[in-house]
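Peer 1: here's a sequence, model it:
(3 chains)
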Amino acid sequence: MGLLNYLIRRLLLMVVILFGVTIVVFSIMMMLPPGQRVAIYLQDERVNAEQFEALIEKYGLNDPAPVQYARWVKSVFKGDFGFSVTAQAPVVDGFKQYFPVTLELVLLSGPLIILVGILLGSAAAVNKDKPIDHFARIFSIVGYSLPTFWLGLILLMIFYGYFGLFEPGILSNEYRDVFFSEGFKSFTGLLVIDGILNNRWDVAADAFWHLVLPTINLVILSSALIMRLMRSSMLESLGQDYIRTALAKGASKKVIIAKHARRNALIPVVTISGLMMAGLMAGMVITETIFSRPGIGRWMAQASLRLDIPAIMFNVLFLSGVYVLINLVVDIIYAYIDPRIRLA
Amino acid sequence: MDKLIETKELYTNFYTYEGTVRALNGVSLSMKPGETYGLVGESGCGKSVSVRSMMRIVQSPGKIESGQINLFMSDKDHQKGIDILKRSETYMQSVRGNSISMIFQEASSSLNPVLKIGDQVGESFVFHRHEEMVKEAIDRLLEKSEKSSNGLANFFRNISVKLLQSELNSIEKYDLKVAEIDKELLEIEDNEDEASIARKHSLNFWRDRCQEYNFLIKIQRKIPILNAYQRGIGKAIRRNVLQLLTELGIPNPSNIIDRYPHELSGGMQQRIVIAIALACHPELLIADEPTSNLDVTIQAQILDMIKDLKKTKISSVLFITHDLGVIAEVCDRVSVMYAGDVCETATVKDLFKNPQHPYTKGLLNSVPKVEQGEKLATIPGVVPNLVTPPSGCRFHPRCPYAMEICKNEKPEIFELNDEHSTSCHLYSQKEDK
Amino acid sequence: MSNEQIDKAPEAIEMKSKQHPKLQEFLFSLKRFLKNPLSIIGLTIIISFALIAVFAPIIAPPYKTDNPYQIPHKGWAQEPQPPSVENPFGTMPEQYDIFYGMVWGTRNAFKIGFSIVFFNLIIGLALGTIAGYFGGIVDEIIMRIVDLFYALPFLVVAMALVVALGRGLQSIIIVMVVLGWRQYARIIRSEILVLRDKDYIQAARASGASHLRVIFSHILPNSIYSVLIVASMSVGTAILTAAALSFLGLGSGVGYADWGQIVSTCRNYIVGPPGNRLAYWFLVFIPGFVISLFVLGWNLLGDAVRDVFDPKMRRK
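Peer 2: As a prediction, the model looks like this:
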């Protein structure tokens, strides 16, 4: 019963936060003159001044803000998020097209980041002040200090520019034709998985090949944070009294690390890992721009440069929702690994 | 003289940022089998560090610098002890929790918050009674398949038995290997020639590295479905844990076993800690202030429990406390420690009646007595910072009888009689003159 | 643990005669800080950059003194030139001198880092203190707003806001101040929640001290440390995010001495002409390396500050 109550409360809170998000996003939009806001209703940018005025009048863009907000919320509930100029399509269609590209990278790099962070962090803590610890600490502080865009560009410069490997984009030209051909069915939108499902392993391999550099880039940069946290959390856990009890029982080092220390050390790491996954979705802006991957990150970069407000609004709402949901999942995992916490 | 465990000139340091804390300053203790030995002193005087050194569980940044810890148990020839400081880590693992075990102060933090009580108590059986557990699991399975006539179930039971037997084989093989190494190590224990030292070194090295299980066993434990046979071992462990908790008089054990530490009361947590320590019937139980931070009534219960256990289950207890009353109640012999030094060792009666060391005298005077009319006596000054301990006798800055020699020389142990010794220059000087 | 407590005792008694214990503690921390090689490296990096920023007019004399942040350029040739005596770091497209940009960009980097963290700190402290101290409905409202700011995808909202305000470094700073205070509010609030029920706070309130007085003389001095530690570690992150926004094309126009902006201008030149693929390595490498070095300096410093002054990390 407690869990159900908890879930209901959290979902209500989620609604409140998403409501706040819409207000923030709407306020940003209201900072712009009506002329620019017409864009939401435009299918096409070529309209003359007269039509322009008529549109402003028609959609009531000079009305008081609350009226406009109510109207906007109403259209959102109908599923109408407007037309995205950068995607050259209604926002929802654009999202359907771009999202799988981002998801594919997140699904590949997210678990890798967490795995590398946790393994390296606990190895560093267990071997404190030994070479692996020094390596991990240097890796973490350097990874923490490198600008995403710079590391990405340098990776491209070396691997693509010099060695001619790992070209940017999501598919090579020859396979793009295959992908868009009649016989190729799109099941998930994830290129690697679709390739396998269509029994075109060459397409899957090519798509995977294009994922390598962005993944390396993200792993180097993002696992640093998790590694740091894991290291300090593991050190703290290794210094606890119950480790001494386990030692006195005759536990071997391996058992102490795997059974007693690591599980306790993971508790704070779970939170950060969840937040990092949420942040990864939003942080795709730079990675996708550099590696020319047409995902929602690059879409956002282009949309904000051109003030493609419908696209921005939709994605901010979406990403906030993802953040809140991930937080909820993290809390549930938290209660699972730490029996002292009761969801209520 | 009959001994169980002794330490000789033990030095342990802690390398902290503030500097090197010289926690033990040549501690020599000696315990006889069957006695209850007390170790008393203010907090921070090195009692806990001494016993942790004896089990070699001093955690980083602490390090045992030098000295000897001789263990006389499980050794048929009691004259020759095993210096455990020279033994391998896996040897220590087989000793800890098996022949020596320890209970701690602060039971609540001594239990792992994310593991169920059953798991934590059962670990002792996993580490030291694995063979027995596997055998028990096999017996159960065979028994069941005899009774049942379900062919399919018996087929699976047969597979499980086969797998368990292979596990048993590998455990036996490992035990044999280890026993061989230990036997040879014991034979050359006292040899100090170069070849023997090298041999000892390589034997210790191999003892740590001879794998407990062969590769196949590792795989068979990991494969899902197939590794279901492990449940038999788990059940055997669970039965043993239940039996242990019942023997210790813990109410409602089958309920407790599935709970987490934070769901139990402080007294119950301490009982669980004791259960963990007693799981493998150790020859020596070290109790590190087991009653501090508990309510007075529960303190008494825990003390009674240990006293009862002393009569029935365990032969020897090493009791650490800062409470002289507890010492008087449970111990046979006692050592007084101050700032990393052992000041005085005597039978309890002797110590209370006839204290010799100035610190002991001060300590006994500072205990409130019922009939006391005057102001409570205290020892002037404060406990020294062990990063920069006083030279010579560490007690000299606070000692009312301090002499010139006390500042410069660490006093030797001076034996007043067979049962009573003290390390103070007051007595060694008398001897000289 | 018990060892340490005991060890502390005599020190405390000695200190009374000499210095205030807090000062003693601070001096001890400072000594450890200066003994740590990593913190020395961090400090050296930051001091070097500070010197460059201060002496920018001497190191790279401006061409137009009224607008020194505009990088001088000779001609409009697109082809970037490799490092030479005249242009030690080479030139960007349109012949902007990278060296000049780096030197004057240092000033901007300090400006970005300090102003963002400073104003974030002020906003976060104010809101977090109010929420934690007064509690109840005020706390609830403020903390839901904090939750809301956490939920917003930082980079996406920041981009949109910068464009709405008008591109440029100024807007980037403003936007990051508006969006980035959330973590300070959370930390100070949780610190204050612990403090609020302490006896001496209750005593101060009971003796009739005003809210402001209690906050400023009792609560903040005891809770601000952890916030300052986080702040010292956030300077680097703030600079990185600002540089990323500049890189995405939201910074001031081409030729403005801002590191992120310079990388942004050069990003199309990562692959050289056939036969000499790495011909333009200096374009991206040098500005990015300078940013990394600067951020590394701050992170090393922040780390050292935390290791030395954070009581939880002290004993490790």
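Peer 1: now the residue of the stretch 1-150 of chain A found nearest chain C: closest residue in space, sequence neighbours ignored.
Peer 2: Ranked by CB to the nearest CB, the top residue of the stretch 1-150 of chain A for proximity to chain C is A:Trp150, at 3.2 Å. Heads up, the C-betas are built off the backbone N, CA and C, glycines and all. Leaving aside its chain neighbours, A:Trp150 sits nearest to C:Gly288 (3.2 Å; criterion: CB to CB, 6 or more residues apart in numbering or on different chains).
Peer 1: contacts only, for that neighbour.
Peer 2: A:Pro147, A:Phe149, A:Trp150, A:Leu153, A:Ile154, C:Val263 (CB atoms under 8 Å, 6 or more residues apart in numbering or on different chains).
Peer 1: what do you get for A:Leu190?
Peer 2: Contacts of A:Leu190 by CB under 8 Å, 6+ apart are A:Pro100, A:Leu103, A:Glu104, A:Leu107.
Peer 1: from A:Val285, how far off is the residue of the stretch 1-150 of chain A closest to chain C?
Peer 2: Counting by CB to CB, to the nearest Å, the gap from A:Trp150 to A:Val285 is 15 Å.
Peer 1: do B:Phe14 as well
Peer 2: For B:Phe14, the distance to A:Val285 - CB to CB - is 49 Å.
Peer 1: more neighbours: those two, which one.
Peer 2: A:Val285 (28 against 23; other CB atoms under 10 Å in any protein chain shown).
Peer 1: I'd say that one and A:Ala301 touch.
Peer 2: Yes: A:Val285 is in contact with A:Ala301 according to CB atoms under 8 Å; the separation is 5.2 Å.
Peer 1: what sits in contact with each of these two?
Peer 2: C:Met159, C:Leu248.
Peer 1: for chain C, which spans come out with low pLDDT?
Peer 2: C:1-21, C:310-316 (pLDDT under 70).
Peer 1: mind listing what C:Phe309 touches?
Peer 2: Contacts of C:Phe309 by CB under 8 Å, 6+ apart are C:Ser29, C:Tyr225, C:Ile229.
Peer 1: out of these, who's the most crowded?
Peer 2: C:Ile229 (20 neighbours).
Peer 1: let's verify that one: helix, strand, or coil?
Peer 2: Judged by DSSP: H, G, I helix; E, B strand; the rest coil, the three-state class of C:Ile229 is helix.
Peer 1: against chain B, how distant is the residue of the stretch 1-150 of chain A closest to chain C?
Peer 2: 36 Å (CB to the nearest CB, to the nearest Å).
Peer 1: backbone phi and psi for that residue, please?
Peer 2: phi -70, psi -50 (degrees, to the nearest 10).
Peer 1: give me the number of residues near it?
Peer 2: 27.
Peer 1: same deal with B:Lys8?
Peer 2: So B:Lys8, with other CB under 10 Å, has 16 neighbours.
Peer 1: swap in C:Leu212?
Peer 2: With other CB under 10 Å as criterion, C:Leu212 counts 8.
Peer 1: what about B:Ser43, which SS state?
Peer 2: Strictly by three-state DSSP, B:Ser43 counts as coil.
Peer 1: and the pLDDT for the residue of the stretch 1-150 of chain A found nearest chain B?
Peer 2: Going by CB to the nearest CB, chain B is nearest to A:Lys128 of the stretch 1-150 of chain A, at 7.3 Å. Here, the pLDDT recorded for A:Lys128 equals 84.
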